[in-house]
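A.B. asks: with the input below, show me the fold.
(chains A and B)
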2 protein chains.
Amino acid sequence: MKKYLKEINGETWLVEDERDNMKLYYRIKEVISSKESTFQKVDIIDSYDFGRCLVLDGVMQTTELDGYIYNEMISHIPVVTHKKPEKVLVIGGGDCGVVNELIKYKELKAIDMVEIDRLVVEESIKYIPSIAGDASKDERVNFVFDDGVNFVKNKYKYYDIAIVDSSDPVGPGEVLFSEDFYVSLRDCLKDDGMMVCQSQSPIFYKDVLKKTRGILKNHFPVVKTYKATVPSYPGGMWSFTLASLKYDPKDGDIQKLAKDTKYINNEIFKSCFSLPNFTKKDLELL
Amino acid sequence: MKKYLKEINGETWLVEDERDNMKLYYRIKEVISSKESTFQKVDIIDSYDFGRCLVLDGVMQTTELDGYIYNEMISHIPVVTHKKPEKVLVIGGGDCGVVNELIKYKELKAIDMVEIDRLVVEESIKYIPSIAGDASKDERVNFVFDDGVNFVKNKYKYYDIAIVDSSDPVGPGEVLFSEDFYVSLRDCLKDDGMMVCQSQSPIFYKDVLKKTRGILKNHFPVVKTYKATVPSYPGGMWSFTLASLKYDPKDGDIQKLAKDTKYINNEIFKSCFSLPNFTKKDLELL
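C.D. replies: Sure, this is the predicted structure:
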């Protein structure tokens, strides 16, 4: 048994103990699949509280209970903000949840999803259809199994929207938080394009958020941070940062927001940009 | 050593394992005080990630890292919503954090805090001054060490605002979620009074939220649920419900909101009433 799976009194628990000061134990019903790719250990588990979950190297990535919150917030906000989005790039997002949100918009013509680890995509489609949905069947979706950093270097003024659905800024995910990467990403956007990334917990990783915003402000005229509550992420409160070459989310045409969502709605779209005082202070917005 | 404190490799951890499907381990620097009252075990610990914490029967109640989020949201919203609040009742709230927010408003003339367990108040004032603040020194504050349910039965049309800062609806806290109690509470309010309570996690305890709202709607014309993210509570997303005999928070005079806050500000006041689609569906608001 892998070291992050423990038997206690005949029950199986997933143990997240990569953080120094906090450990989380999730009671699980069943390990549905347990494989290993060139990049990482990939497990699909069925848990009591969170439903089916994608676990990479022992860390919970997406759960049926709340995966849609993250996926909706990182995808609907840019699509609604852009006046005429057609070509979208997704970096990472192996669980296919982001792409599954994007295909709700008929106006999108092409969605390129660049994920380094094919196994994550295959396992997610096979075992967590409630998150991956019909993403793989939509003919507008093009899967590219490649390194996102290299991929964006070969595109120039091509995309309307780029979504960076990265894991944490440690190990393989670290480069997706670097200035070089954000510059390449800006260059692959059309003149009125925009990008969005998850910018970590404004409580436990406020330095990451602050640094990410600082870099983006060097290269984009419009930089807006927004928040959502994602229960399975440490601290629950999560930040996203949108960096745009032209359009501002305050001018987004809210009427086009997809209706078949579980978290986001018109009010959430407008209110997610309201940040708590402590975050405003950290970001020098007060 | 109490059973919720564990030694692992020479380090001490607080173990929250009262939930069936999830256990939380917090690494702690020091157990500052460990006592027992007639009602419960009362510990003050100093933790690595959350600072000093009040722990009752092994369950984290308030932490320095995020206690202010809960305390600000349950107190500033009713004070700003009411046109002329003078007398406020707080049921529970032994950590004194709610009272410490209320004293920021000069217009309040009297604050009665009814807490059943004197030890909780004493320990909080002594060991967590960053939460309890100067609450105990303000001459408008009157501590009553009594059972909240009995206390409200003896008051009639007396208070402008009642704040129910209860623990979870199990054990001693259960009665604070009952219809009888809410009726007594309504009767102790003036004709234009209002009450607010924490109505639990809209994800993990949505039945409690739904039931609480249902009861309050039987007895108050204005019932509004709002949300905040409290990292140390399960799932992070937390709900509060305001039940008012006259005033509606949408007409609140936002200009009077206290400025020395860490979480709430004018935008948060307005946006906290925006609920996610899944909660609207659960509450039949869609």
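
A.B. asks: going by C-alpha atoms from here, please, whenever you check contacts or count neighbours.
C.D. replies: Noted.

A.B. asks: what parts of the stretch 1-150 of chain A come near chain B?
C.D. replies: Contact residues, the stretch 1-150 of chain A versus chain B (CA under 8 Å from any CA of the partner chain): A:20-28, A:48-49.

A.B. asks: tell me which entries of those residues lie within strands.
C.D. replies: Of the positions in the residues of the stretch 1-150 of chain A next to chain B, A:22-28 sit in strands, assigned by DSSP state E.

A.B. asks: mind checking pLDDT for the residue of the stretch 51-200 of chain A found nearest chain B?
C.D. replies: Closest to chain B within the stretch 51-200 of chain A is A:Leu65: 8.7 Å, counting by CA to the nearest CA. pLDDT, A:Leu65: 94.

A.B. asks: try the one 4 residues further on
C.D. replies: Reading off the per-residue confidence, A:Ile69 sits at a pLDDT of 97.

A.B. asks: my read: it touches A:Val230, true?
C.D. replies: Yes - with contact defined as CA atoms under 8 Å, A:Ile69 reaches A:Val230; the gap is 6.4 Å.

A.B. asks: which one's more surrounded, those two?
C.D. replies: Between A:Ile69 and A:Val230, counted using other CA atoms under 10 Å in any protein chain shown, the more crowded position is A:Val230 (22 against 18).

A.B. asks: neighbours around the residue lying closest to A:Val144 once chain neighbours are set aside, how many?
C.D. replies: Excluding the flanking residues, the one nearest A:Val144 by CA to CA, 6 or more residues apart in numbering or on different chains is A:Val114, at 4.7 Å. The number of residues packed near A:Val114 is 24, by other CA under 10 Å.

A.B. asks: who touches A:Val114 in this structure?
C.D. replies: Neighbour list for A:Val114: A:89-92, A:143-148, A:151 [criterion: CA atoms under 8 Å, 6 or more residues apart in numbering or on different chains].

A.B. asks: one more pass at 7 Å, please.
C.D. replies: With contact taken as CA atoms under 7 Å, 6 or more residues apart in numbering or on different chains, A:Val114 is in contact with A:90-92, A:143-146, A:148.

A.B. asks: again with A:Ala132
C.D. replies: Going by CA under 7 Å, 6+ apart, A:Ala132 touches A:95-97, A:100, A:124-125.

A.B. asks: change it to 10 Å
C.D. replies: Contacts for A:Ala132 (CA atoms under 10 Å, 6 or more residues apart in numbering or on different chains) come out as A:94-101, A:121-126.

A.B. asks: next one: A:Ser244
C.D. replies: By CA under 10 Å, 6+ apart, A:Ser244 lies in contact with A:78, A:81-82, A:161, A:186, A:189, A:191-196, A:216-217, A:219-224.

A.B. asks: rerun that using 8 Å as the cut-off
C.D. replies: For A:Ser244, the contacting residues are A:192-195, A:220-223, by CA under 8 Å, 6+ apart.

A.B. asks: by neighbour count, which of the residues you listed wins?
C.D. replies: Neighbour counts for the contacts of A:Ser244, by other CA under 10 Å, peak at A:Met194, which reaches 31 neighbours.

A.B. asks: ok, now how distant is A:Ser130 from B:Asn21?
C.D. replies: 21 Å (CA to CA, to the nearest Å).

A.B. asks: again but with A:Leu5, I slipped
C.D. replies: On the measure of CA to CA, A:Leu5 and B:Asn21 end up 14 Å apart.

A.B. asks: picking up where we left off before, can you redo the contacts of A:Val114 as JSON lines with neighbour count, distance to B:Lys206 and secondary structure?
C.D. replies: Below are the contacts of A:Val114 laid out as JSON lines (neighbours: other CA atoms under 10 Å in any protein chain shown; distance: CA to CA, whole Å; DSSP: H, G, I helix; E, B strand; the rest coil):
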{"residue": "A:Val90", "neighbour count": "27", "distance to B:Lys206": "34", "secondary structure": "strand"}
{"residue": "A:Ile91", "neighbour count": "25", "distance to B:Lys206": "35", "secondary structure": "strand"}
{"residue": "A:Gly92", "neighbour count": "25", "distance to B:Lys206": "33", "secondary structure": "strand"}
{"residue": "A:Phe143", "neighbour count": "17", "distance to B:Lys206": "38", "secondary structure": "strand"}
{"residue": "A:Val144", "neighbour count": "17", "distance to B:Lys206": "40", "secondary structure": "strand"}
{"residue": "A:Phe145", "neighbour count": "17", "distance to B:Lys206": "40", "secondary structure": "coil"}
{"residue": "A:Asp146", "neighbour count": "16", "distance to B:Lys206": "42", "secondary structure": "coil"}
{"residue": "A:Gly148", "neighbour count": "22", "distance to B:Lys206": "40", "secondary structure": "helix"}
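
A.B. asks: about what we covered before: out of the contacts of A:Ala132, which end up buried?
C.D. replies: Buried subset of the contacts of A:Ala132 (neighbour count, 16 or more other CA atoms under 10 Å in any protein chain shown): A:94-101, A:121-125.

A.B. asks: please enumerate the strands of the stretch 51-200 of chain A.
C.D. replies: Using DSSP state E, counting those that start in this stretch, the strands of the stretch 51-200 of chain A run over residues A:51-56, A:59-63, A:87-92, A:110-114, A:141-144, A:159-165, A:189-198.

A.B. asks: what's the closest non-adjacent residue to A:Leu102?
C.D. replies: Counting by CA to CA, 6+ apart, A:Leu102 lies nearest to A:Ser75, which is 6.4 Å off, once chain neighbours are set aside.

A.B. asks: got the contacts of A:Ser244 as CSV, with pLDDT columns?
C.D. replies: Formatted as CSV, those follow (pLDDT from 0 to 100):
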residue, pLDDT
A:Asp192, 98
A:Gly193, 98
A:Met194, 98
A:Met195, 98
A:Phe220, 98
A:Pro221, 98
A:Val222, 98
A:Val223, 98
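
A.B. asks: buried residues in stretch A:186-205, which are they?
C.D. replies: Applying 16+ other CA under 10 Å to stretch A:186-205 flags A:186-190, A:192-204 as buried.

A.B. asks: show residues contacting that stretch.
C.D. replies: Here stretch A:186-205 makes contact (CA under 8 Å, 6+ apart) with A:74, A:78, A:82, A:152-153, A:155-166, A:168, A:185, A:206, A:208-209, A:212, A:219-220, A:234-247, A:279.

A.B. asks: same thing but at 7 Å, please
C.D. replies: Contacts of stretch A:186-205 (CA under 7 Å, 6+ apart): A:74, A:152, A:155-165, A:208-209, A:212, A:237-247, A:279.

A.B. asks: got it, and stretch A:105-112?
C.D. replies: Here stretch A:105-112 makes contact (CA under 7 Å, 6+ apart) with A:85-90, A:140-143.

A.B. asks: what about A:Thr212, helix or strand, and which?
C.D. replies: helix A:206-219 (DSSP states H and E).

A.B. asks: what about that helix and chain B, touching?
C.D. replies: No - judged by CA under 7 Å from any CA of the partner chain, helix A:206-219 and chain B are separated, with a smallest distance of 13.3 Å.

A.B. asks: which other helices and strands contact the helix or strand following that helix?
C.D. replies: With elements assigned by DSSP H and E, the helix or strand that comes after helix A:206-219 is strand A:222-229. Applying 3 or more CA pairs under 7 Å, 6 or more residues apart in numbering or on different chains; DSSP states H and E, one finds that strand A:222-229 makes contact with strand A:237-244.

A.B. asks: quick check: bridge partners of A:Lys6?
C.D. replies: Taking DSSP bridges as the rule, A:Lys6 bridges to A:Trp13.
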